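Engineer: Fold the following and give me the result.
(chains A and B)
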Amino acid sequence: MRRWTLTLLTASGLALGACGDIPADTEGTLDRATGGALVVGVSEHHPWTTIGDAGEITGTEADLITSFAESIDARLEWHTGPESVLADMTKEGELDVVIGGLTADAPWSDKMALTRPYSGDQVMGLRMGENELLVALERHLAREHGEI
Amino acid sequence: MAAAGSGHDALPEKQQRALRQAIRLEWLTIGLLVVSATLIYLVMGQSQAMQAALLDDLLSFLPPIAFLVAARVIRIGANRRFPFGHHRSIGAAHLVSATALLLMGGFLVVDSVLGLTAGERPPIGLTVLFGQEIWAGWLMVAVMAATASPPVILGRKKLALARTLHDKVLYADADMARADWQTALATIVGVLGIGVGLWWTDAVAAIVVGASIVWDGWNNLTAAVQDLLDTRALTFDEEEHPLIGEAEDLARGTAWVADAEARVRDQGHVLHVEMLVVPEPGHDPTMIELDSLRRQLHQLDWKLHDVQVVPVFDIPDHLRDSGAHATAEGESP
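Structural biologist: So this is what the prediction gives:
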């Protein structure tokens, strides 16, 4: 029983010691994007993302990302490309977020982190390990859809 | 019908009670494992440490299942087809669960090392629980903390019963369960590590858990193989079983016996004894003398279950303490 108490103490000690900023990003992406630039990869997929003739990005997911960027006071840098290229770029840390009507069963889960489905099966992709950004974006998506 | 064989194969009352209690505890263990594995599965996400904890839980099903199967099989008494009875089923169960532990633990270590070297960074995001947002990592920590203590408590109870029963599967199960809190602690540290942005703590925690499973598996495998190879019967602490000496002393103390040495093998719950006796010079032991010694040995302890007394001219050298040396040098049979 003394061991169990010890476990509890160790665990809660760790938890308290680190309570300031959980979860944190491994590369500090959210801190960098806040007040700076959020780099977003887009692959075209109606009605979630549409790339206009002049390169303007519209669609429901573009709107969600725009409002998220506003909430953290970030400007958006768009990169367009096919999903597979965007997934590889995310794995290399060149993109922060990927949108394009991705679903929870997207085959990129070893290259990017997928958000929890925000509506039906719809998800967005993020750089792996950036859990503070992940939580911030997921919270934004859940609020936009009235889940919380 | 007795719970553990009948007639010749029956266990004494105290052991039968312990066996019934152990069977209840193992069913309880399986029930708890179902609950904790389900909870872990629901919250584990992409954390390697949590996946390791789930694997650990799934593997923990094996020893109780092996024990329950074996406890059923030993009820079948000795018969023409199985002249030694079915107590050895304990040994078979022990071997099966040890092999599974070793393989799965090895898989876990390799998988986590690959993940660590590839720099895999586990994402842990948000969960919405009853309309409340919460970081999924906290749920993982809560589940691991909640499932850590029941196996430890059950393990302590099972350990006592394992000693009473001389049951090595139950002992292995209890021993693993007692160490379960370490798995939980490692997993919690791994998840909290992700929380503070140290992505590698997760894989390291998974390696620690995997290594402890490998350790359990290796120890159990060597012990199970030794028993199946009929090594001189050992206690749980790998000491020579004290009953061997007691039985030999009893035989040597008999008036017509000049010398005696026993071959004792571990059948599971019970021991199988071949007592080689050298009669005093010029004395031909009678049927009555031989049978009376056999009965006395049988009555020495319930564990001395199957006893033969074999009159011989000489004790073979390899049975003596110094005999181990000769065998090691490759003495021809």
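
Engineer: So for the host helix or strand of B:A93, what gets flagged as buried?
Structural biologist: Element membership for B:A93 (DSSP states H and E) is helix B:89-117. Buried positions in helix B:89-117, judged by neighbour count with 16 or more other Cβ atoms under 10 Å in any protein chain shown: B:89-102, B:104-106, B:108-109, B:111-112, B:115-116. C-beta coordinates here come from the backbone N, C-alpha and C atoms, glycine included.

Engineer: swap in stretch B:147-159?
Structural biologist: B:T147, B:A148, B:S149, B:P150, B:P151, B:V152, B:L154, B:G155, B:K158, B:L159.

Engineer: How far off centre is that stretch?
Structural biologist: Offset of stretch B:147-159 from its chain centre (Cα atoms, centre = their mean, to the nearest Å): 15 Å.

Engineer: Dump the C-alpha coordinates for that stretch into PDB.
Structural biologist: This file holds the C-alpha atoms of stretch B:147-159, laid out as PDB (Å, rounded to 0.1, in the frame of the first residue of the first chain):
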ATOM      1  CA  THR B 147      -6.600   0.700 -12.800                       C
ATOM      2  CA  ALA B 148      -3.300   0.600 -11.000                       C
ATOM      3  CA  SER B 149      -4.200  -0.600  -7.600                       C
ATOM      4  CA  PRO B 150      -6.800  -3.500  -7.900                       C
ATOM      5  CA  PRO B 151      -4.300  -5.900  -9.600                       C
ATOM      6  CA  VAL B 152      -1.800  -5.100  -6.800                       C
ATOM      7  CA  ILE B 153      -4.300  -6.000  -4.100                       C
ATOM      8  CA  LEU B 154      -5.400  -9.200  -5.900                       C
ATOM      9  CA  GLY B 155      -1.800 -10.100  -6.600                       C
ATOM     10  CA  ARG B 156      -1.000 -10.100  -2.900                       C
ATOM     11  CA  LYS B 157      -3.900 -12.400  -2.200                       C
ATOM     12  CA  LYS B 158      -3.100 -14.800  -5.000                       C
ATOM     13  CA  LEU B 159       0.600 -15.000  -3.900                       C
END
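
Engineer: shaky segments in chain B?
Structural biologist: B:1-10, B:322-333 (pLDDT under 70).

Engineer: what ranges do the helices span in it?
Structural biologist: Using DSSP state H, the helices assigned to chain B run over residues B:13-43, B:48-59, B:62-73, B:89-117, B:136-165, B:168-178, B:180-195, B:200-228, B:242-252, B:287-300, B:323-328.

Engineer: same for the fourth one, what does it pack against?
Structural biologist: Helix B:89-117 is packed against helix B:48-59, helix B:62-73, helix B:168-178, helix B:200-228, with contacts defined by 3 or more Cβ pairs under 8 Å, 6 or more residues apart in numbering or on different chains; DSSP states H and E.

Engineer: In CSV, list the ones you listed along with mean neighbour count and distance to B:A184.
Structural biologist: Converted to CSV, the helices and strands packed on helix B:89-117 look like this (neighbours: other Cβ atoms under 10 Å in any protein chain shown; distance: least, Cβ to Cβ, whole Å):
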stretch, mean neighbour count, distance to B:A184
helix B:48-59, 25, 7
helix B:62-73, 22, 18
helix B:168-178, 26, 12
helix B:200-228, 21, 9
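
Engineer: In TSV, list the ones you listed along with distance to B:A37.
Structural biologist: As requested, the helices and strands packed on helix B:89-117 are exported to TSV (distance: least, Cβ to Cβ, whole Å):
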stretch	distance to B:A37
helix B:48-59	4
helix B:62-73	13
helix B:168-178	14
helix B:200-228	15
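
Engineer: least trustworthy helix or strand in chain A by mean pLDDT?
Structural biologist: The weakest-scoring helix or strand in chain A, judged by mean pLDDT, DSSP states H and E, is helix A:2-17 (a mean of 56).
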